[in-house]
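J.: Sequence first, predicted model second:
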Protein chains: 2
Amino acid sequence: MQRLANVEDHARRILTPMNERTAFFLSDQTGVTAETLGHSLLVQFDGQNFRQVTLPFIDTEDKAREAVKKINAASAEDELRPIVFSTLVQPECRQILKESQGLHLDIFDVFLDPLEVELEQTPAHASGRAHGMSDIDAYMKRIEATNFALANDDGGISRNYEMADVILVGVSRSGKTPTCLYLALQYGVYAANYPLTEEDFESGQLPDFLKEHKHKLFGLTITPDRLRQIRKERRPVGKYSSAQQVRYELRESAKLFKKFGIPYVDTTEFSIEEISSRILDSTGVDRRVRP
Amino acid sequence: MQRLANVEDHARRILTPMNERTAFFLSDQTGVTAETLGHSLLVQFDGQNFRQVTLPFIDTEDKAREAVKKINAASAEDELRPIVFSTLVQPECRQILKESQGLHLDIFDVFLDPLEVELEQTPAHASGRAHGMSDIDAYMKRIEATNFALANDDGGISRNYEMADVILVGVSRSGKTPTCLYLALQYGVYAANYPLTEEDFESGQLPDFLKEHKHKLFGLTITPDRLRQIRKERRPVGKYSSAQQVRYELRESAKLFKKFGIPYVDTTEFSIEEISSRILDSTGVDRRVRP
């Protein structure tokens, strides 16, 4: 009987697609830290598929026990041990989680002790940050930077370029708007953007209001194929996404970057985070807030 | 002599402000993971001041040696051992960093081994993610979601509410716009927003185009004091930021949330990340992409 069961079990495993393993991201806060931590580790294992589940705001022992139930249910369903990335501050909650059937990887478990020794201070073990004035200040800075990005998007009405930390220039759909918004929301950086147009290309000049702030300019470029692909999503036919037009605009924008000594980054292979980090790294613009 | 030196040293320490310790965030990528990881740990130690330095894109041994120099320089200057949070994939770079004078806390050092055992697979040790089609797909989704948020901001022109994952409602300056943009950029979620107006309050009704999508509505509220503070930044005087007006709007919006059974969150004490996470958690809206 045992033998037969094993054969059946084996057959079933061959016939059904490979089980997906579940990766949990647990936190007493938003889960963003656990997600980014976990993701950077999981991508090191090619070809594995993970069903990703975020369980945020686990700040009581009851919620920790609920999470354990979900982990154990996934373990039974997947027939594979779940991976659990967690950033739980409270030792009691961590202790409960350790009894789950998942592989439990917690940053506080590992890193709090060496920090305690180094800083000669007992950690607060407080769930979440203290929401004091510094947080309100950070919130306001991010909101104001976002408003600035919106008002100074796409050559915008405001053109408060004297307030800008950086002014992104590039052709339409090279990634300027999302990058400006990301810089604002994530870092409170004041980022304006200006789309290079046919007029600029024909004159081989930048508008005077940009030249005044030449040291703040940063260029975005992209490969012609990728730009066509992006533009076609917006307008499938016509000059805007034609191979000729796209090549012309990119060639001319490269000339302007060179002529005016504007540093630039090719956004083709990069995520919005990567583009943003490269801009901060290259320009030396300070983060006004930190995540 | 020794005694005297100690006294002088002691006096100098009393007279000069406490040295700031430097916290480094090192990465072969953007540094966002190292920053969020490090920040969540450092806030557990109240009263310590850290000068925060991000060193991204350390993807060669030369760059790792450069980083070591910066860490050692900070150590000498601060007269305090720097804390180094890192997410370096390449073992060679990690090895070089270990020779710095900082306290080196690396997530790959700690978590890669247990994952290798559990997944029965050697990690790629590849710097950065493979930039395959999945990344381009994620990029496009985030861009499209951002465009959606911009087109459907503040009651927007488009009102593509049938495409929305969630529609935020609340009074002016309750946090709708940055939250929608964050949901789009971070998670590719389609978030529209609609500002509740005097007309809605007077009629005690929601516009028909919102009622049709009642199950997608999510409310934002805020305390009167905080709202006044935020509104005053925009318009220091007048009805818009008056105590009476702010209390009236918040009271009436609360009535509408109750009448139409709209779930809501008080944004007063929360960061944009927290508001976003609570919305996803409460509505069950799926992340279209993951950071």
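T.: Good, I have the coordinates. Numbers count the residues shown, from 1 in each chain, chains lettered A, B, ... in the order given.
J.: Tell me if I'm right that A:Gly155 and A:Pro195 touch.
T.: Yes. Between A:Gly155 and A:Pro195 a contact is recorded at 5.8 Å, counting by CB atoms under 8 Å. C-beta here means a position set from N, CA and C on the backbone, and glycine is covered the same way.
J.: Tell me, how many residues neighbour the nearest residue to A:Lys216 once chain neighbours are set aside?
T.: Spatial nearest neighbour of A:Lys216, excluding adjacent residues (CB to CB, 6 or more residues apart in numbering or on different chains): A:Ile167 at 4.8 Å. The tally of other residues near A:Ile167 (other CB atoms under 10 Å in any protein chain shown) stands at 24.
J.: Secondary structure element for A:Ile167, which one?
T.: strand A:166-170 (DSSP states H and E).
J.: Now look at the following helix or strand past that strand and say if it contacts chain B.
T.: Proceeding N to C from strand A:166-170, the next assigned helix or strand is helix A:176-187, under DSSP H and E. Yes. Using CB under 8 Å from any CB of the partner chain, helix A:176-187 reaches chain B at A:Thr177, A:Pro178, A:Leu181, A:Tyr182, A:Leu185, A:Gln186.
J.: so which of these comes closest to B:Ala73?
T.: Closest approach to B:Ala73 among the residues of helix A:176-187 next to chain B (CB to CB): A:Gln186, at 27.4 Å.
J.: my read: that closest one touches A:Ser276, true?
T.: Yes. Using CB under 8 Å, A:Gln186 is in contact with A:Ser276, at 6.8 Å.
J.: Do you have the strands of the stretch 1-150 of chain A handy? List them.
T.: A:21-27, A:50-55, A:83-87, A:103-106 (DSSP state E, counting those that start in this stretch).
J.: Partner strands of the first one and their direction?
T.: Spelled out, it's strand A:21-27. Its sheet considered, strand A:21-27 pairs with strand A:50-55 (parallel), strand A:83-87 (parallel) by DSSP bridges.
J.: Could I get the full set of helices for the stretch 151-291 of chain A?
T.: Here the stretch 151-291 of chain A has its helices, by DSSP state H, counting those that start in this stretch, at A:176-187, A:198-203, A:208-211, A:224-234, A:243-259, A:272-283.
J.: In CSV: those, plus mean neighbour count and mean pLDDT.
T.: Formatted as CSV, the helices of the stretch 151-291 of chain A follow (neighbours: other CB atoms under 10 Å in any protein chain shown; pLDDT from 0 to 100):
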stretch, mean neighbour count, mean pLDDT
helix A:176-187, 26, 95
helix A:198-203, 12, 95
helix A:208-211, 13, 94
helix A:224-234, 17, 91
helix A:243-259, 16, 97
helix A:272-283, 21, 93
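J.: Identify each buried residue in stretch A:208-224, please.
T.: For stretch A:208-224, burial by neighbour count (16 or more other CB atoms under 10 Å in any protein chain shown) applies to A:Leu210, A:His213, A:Lys216, A:Leu217, A:Phe218, A:Gly219, A:Leu220, A:Thr221, A:Ile222, A:Pro224.
J.: out of these, who's nearest chain B?
T.: A:Ile222 (11.1 Å; CB to the nearest CB).
J.: OK, contacts around that closest one?
T.: Counting by CB atoms under 8 Å, 6 or more residues apart in numbering or on different chains, A:Ile222 makes contact with A:Gly170, A:Val171, A:Arg173, A:Ser174, A:Gly175, A:Ile230, A:Leu250, A:Asp266, A:Thr267, A:Thr268.
J.: picking up where we left off before, ok, now which ones touch the residue nearest to A:Lys216?
T.: A:Tyr161, A:Ala191, A:Ala192, A:Asn193, A:Tyr194, A:Leu210, A:His213, A:Lys216, A:Leu217, A:Phe218.
J.: burial of A:Ser75, as a residue count?
T.: Neighbour tally, A:Ser75, other CB under 10 Å: 17.
J.: next one: A:Asp286
T.: Other residues close to A:Asp286 by other CB under 10 Å number 10.
J.: I'd like the distance between it and B:Thr36.
T.: 18 Å (CB to CB, to the nearest Å).
J.: Mind telling me which residue of the stretch 51-200 of chain A is nearest chain B?
T.: Closest point on the stretch 51-200 of chain A to chain B, by CB to the nearest CB, is A:Pro123, at 3.8 Å.
J.: Check the offset of stretch A:108-127 from the chain's centre.
T.: 27 Å (CA atoms, centre = their mean, to the nearest Å).
J.: Could I get the buried residue list for stretch A:43-59?
T.: Those would be A:43-45, A:48, A:50, A:52-59, for stretch A:43-59 by 16+ other CB under 10 Å.
J.: which regions of chain A sit below the pLDDT cut-off?
T.: For chain A, residues meeting the criterion pLDDT under 70 lie at A:1-18, A:126-134, A:291.
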